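Engineer: heads up, no residue letters with this:
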């Protein structure tokens, strides 16, 4: 509202030239710049680069983004300076932004390491996947720093369009193409919902800027809330699609299954986290004083998401599909934290997303390796005897699965603990109990995979009987797996480190500000 | 009492701060480190893995015994406490302590693990087997020593993983199914407990302004409304009832016990079932005294149903191991009865019986393991006349079995006797019904003994080899304990008594419950000295009676 | 609202003219269709099969690339109009924009998106396609004697022998070698 007024007032003499705080968006710039540089360099070199060059470049870019984020962290955590908005109030730079920048950059780095050998294995080598991943991640960061619904949409589209292409990256797998089309059509559809929601919220409040919406809502009482509530609902549909909340989850299993496995890893970690970032920013930060309106919707979404995710995961045979449904279940857990609508709830959601990112990246890294050439060996039976064949790989997968099941001393346990804590603090005990019961249901699924890896098949059957190649563990994927295991266990044993990070990253309540 | 205790607690804490050897931490850390060390040993050298595994468990066992010698008898509060902040923002700390209730369970864990490790050789993959068992030991120690709810839950839940892999990897028959069932049942129970723990901490925070998971702090504050406390108690009770297991939730137990490898069964019956009953005593009663008295009739009823049901079902089993598994259901019913009688004797009996059951059932499972190694079956019908082929083993089996039945002069009797006299004043009719359970135990065990050991051995059973020296060495300490605790339980009871007395007082102060004068007067003198004295007199008689009973069985 | 009246009138007139033309030609023009009239004109030779409906994929690709860059250039116009008012800020923004567009262009060029000739060595396709395949190696010149046999052969065989020109062109941008038999056998 104010910016429009300012523009109108100054229309006569000069255009308002927005001040661009380049420093504030360095993580974003590093990712986008890295992506462009990667494309240019690969275009200008005629010879095929040494193996792993692209992946290394991507990892270095992410490291750069993380370093830039850490520098920002010091700035926003400094009580004298604190969080600030950039680009005429379109972006908020605070701990929340930095948290997600780090999370997304880490996800890209780990996924890129896994993708390195995958692309070579599948004859798909090229810089495109890495460039798209970096761009997509940049979109995710935009979503996390958005202080304007339009910017949220912008970020979402940058994130999604790159993802659509990435999902269809595997030229010779029909499933990959199918997943890309499916994701694209449904994604575009959900974007439309989001846009419509933005329009309605704009209609109800007169602004798309989150700070201004919050200020408007805290100073005025709407005569009829219909428009605003419809706006909430449509925003939830749009964002719910991206986080894969039931009933907007139907794309998830097909897309996760069809997309190249490293891309799925990226989708489940970074893209989900970015969508939650937007959800938290919009609903917790801006719409907090209308919490009584949207909390019941989130309650229903959370319960549906957890139950459907857990129950349908159990009946799957394809490991990628299982993990897809389990990721729905995990989204439900994060929604429980969102539902709490407290600082601890948001911190819990942040913790959960970070912990889950490592578990799921690790899981899909294992899936990528076991998928073998063709990326098709994803049936549970393909994991038969993995513990004998590749004990370390099986152990790593076990760690990830147990962590997802919420066994103590893994990241997943403390994540669940944090979320349940937030729910208990908000006195939603029913939700907490339902959440834990679904955790047990989905534990069955994780145990099933573990059973297949460790106990299925007799010793007599041997490796020769299966007549297939031994799963190879290339260097890049090995590094990625080691990092994921290390983080999963480290966060599990010393959760304080990340818990404090998450606590300090909780965004300020916009509506609380006068 | 609470206010009186506070200085004492402070004193012990101050005591702990002096730079002493942190023995409790070591009890958890050493087996865990052992597991890590095992992970680094080469898989191609099983004997080295075995050495590390047994060595580490022996060190832990020795430390637990040392802990017992260091234990201050008259101190009702927690001793050797060590507290370090772990997750500050949640008020979670690495908070350990031991009192009379947990002391002997720690010692039991410390003793049973090396015996199980020495006594049973895994048929493959020694390295992982040893590593999982050591991890299991660390987890069990953690449960018994934790004074922080979060730490307790972590330990309570983490024990599932090693046990799951032990059953699934080294078990028999339907091992995968049994492992899965065991894991899911227990995890479902724990799920409710986790919600309860968290809710408890946050409600405590709301009332007092301090977010903490410290057991003592929360229990002493008692900041909950009555209804809330009851709900939270139910959450805990479900978890413990599954673990115990209490009657309708017991179905995982026969499967898990039967399919588990021998060492797994020993630990499962000997130590892990106690996690549930110990949880009731330490957390159920201490945190929610009012709710516990409120729920006691139901739990006691279920416990008594378990006693009778377990005994009857055990009697009709064809599988020897399954029979022993069901007998555990019955024995654990006794412990539940004693615990929820809320009398000094009842609780003491309950705690003692936990130890007794661990020793005797652990020993039984070890014997069954030896039997299986020779005959590769647990089926009662295919075993006959083993007494003639293996007299030493038969003798050992007799003693252990008599201990399980509760023959006077052996340890089982002391525990059951205390439970029955302790529960009689407050739960008369339940105690009366439970007494029949003792008789039924004699029926199914003696009948099984008769079928397996008596008669003329047929071909396969005639060549049954008797106990080796190694097996004898494993059984010897257990036999010694069985007899020692039966004849002279005083050193144990006098250490349990102060802690139990304190717990009863805690319950009385915070609920409508008052301990009947009969048992109250007894505190300090009668039941500590009483049974011991009786047993010392009647020891010889008892031995004779045992022989007679055996004779009757034969006839 | 009055300001828009001329526009509306203009719109109505335009639509009206189109409708009128179509309707009048339908009504007034004589219509006597014969099969010869409907057939496509192929230098006087009677067509033996349907028209080829496929174009080399490069056509579409170039069209799309053209549209993308064309539209991006449009952004330069408004910027140019208020170039002075925007000053350094505008310059920087436009520079960033141009760099992004240019990088995309470089990428396209290097990937051979605008190559029309025979298959060029493309890094992407090294694994799947043989770089030695050129228009001379993949197109079978059918000698005159076999030409007669070719006529007698069933349609399937004829398609197999079809020229692979389209393949060679299409493959340069990533279609695989199965890319259809689009052109007709020169009879």
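Structural biologist: That came through fine. The structure presented is a predicted model; accordingly, all values stated were derived computationally and were not measured.
Engineer: Isn't residue B:99 up against residue B:78?
Structural biologist: Yes: with contact defined as C-beta atoms under 8 Å, residue B:99 and residue B:78 form a contacting pair (5.1 Å). In this view, the C-beta of every residue, glycine as well, is placed from N, C-alpha and C.
Engineer: quick one: buried residues of the helix or strand hosting residue A:195?
Structural biologist: Residue A:195 is part of helix A:174-205, with elements assigned from DSSP states H and E. Buried residues in helix A:174-205, counting neighbours by 16 or more other C-beta atoms under 10 Å in any protein chain shown, are found at A:175-180, A:182-184, A:186-187, A:190-191, A:193-198, A:200-202, A:204-205.
Engineer: What score does residue A:467 have for pLDDT?
Structural biologist: Among the per-residue scores, residue A:467 shows a pLDDT of 52.
Engineer: before we move on, what about residue C:157?
Structural biologist: Per-residue pLDDT puts residue C:157 at 40.
Engineer: Relative to the whole chain's centre, how far out is stretch A:257-275?
Structural biologist: Remark: stretch A:257-275 is offset 7 Å from the chain centroid, using C-alpha atoms, centre = their mean, to the nearest Å.
Engineer: start to end distance for it?
Structural biologist: Stretch A:257-275 has an end-to-end distance of 20 Å (C-alpha to C-alpha, to the nearest Å).
Engineer: what about that stretch, near chain C?
Structural biologist: No: remark: stretch A:257-275 sits outside contact range of chain C, by C-beta under 8 Å from any C-beta of the partner chain, the gap being at least 15.5 Å.
Engineer: Could you do stretch A:132-146 as well?
Structural biologist: No: legend: contact between stretch A:132-146 and chain C by C-beta under 8 Å from any C-beta is lacking; minimum distance shown is 10.4 Å.
Engineer: Up against chain B, what does chain A have?
Structural biologist: A:402, A:405, A:407-409, A:413-414, A:416-417, A:420-421, A:424-425, A:429, A:432-433, A:436-437, A:439-440, A:443-444, A:447-448, A:451, A:454-456, A:459, A:495-496, A:499-500, A:503.
Engineer: I'd like to check what contacts the host helix or strand of residue A:486. Which residues are they?
Structural biologist: Remark: residue A:486 resides in helix A:475-493, with elements defined by DSSP H and E. Helix A:475-493 is contacted by residues A:52, A:55, A:110-111, A:113-114, A:116-118, A:354-355, A:358-359, A:361-362, A:365-366, A:368-369, A:393, A:396, A:399-400, A:403, A:408-414, A:473, A:497-498 when judged by C-beta atoms under 8 Å, 6 or more residues apart in numbering or on different chains.
Engineer: ranges for the strands of chain C?
Structural biologist: Read by DSSP state E, chain C holds no strands at all.
Engineer: okay, now residue A:109: neighbour count?
Structural biologist: Neighbours of residue A:109 under the rule other C-beta atoms under 10 Å in any protein chain shown: 24.
Engineer: Which single residue of the stretch 1-150 of chain A ends up nearest chain B?
Structural biologist: residue A:95 (14.8 Å; C-beta to the nearest C-beta).
Engineer: Hmm, that residue is touching residue A:502, no?
Structural biologist: No: Residue A:95 lies out of contact with residue A:502 (C-beta under 8 Å); the separation is 9.1 Å.
Engineer: Would you mark the buried spots in the longest helix that chain C contains?
Structural biologist: Scanning chain C for the helix with the most residues, using DSSP state H, yields helix C:83-110. Within helix C:83-110, the residues that count as buried by 16+ other C-beta under 10 Å are C:86, C:90, C:94, C:101, C:103, C:104, C:105, C:107, C:108, C:110.
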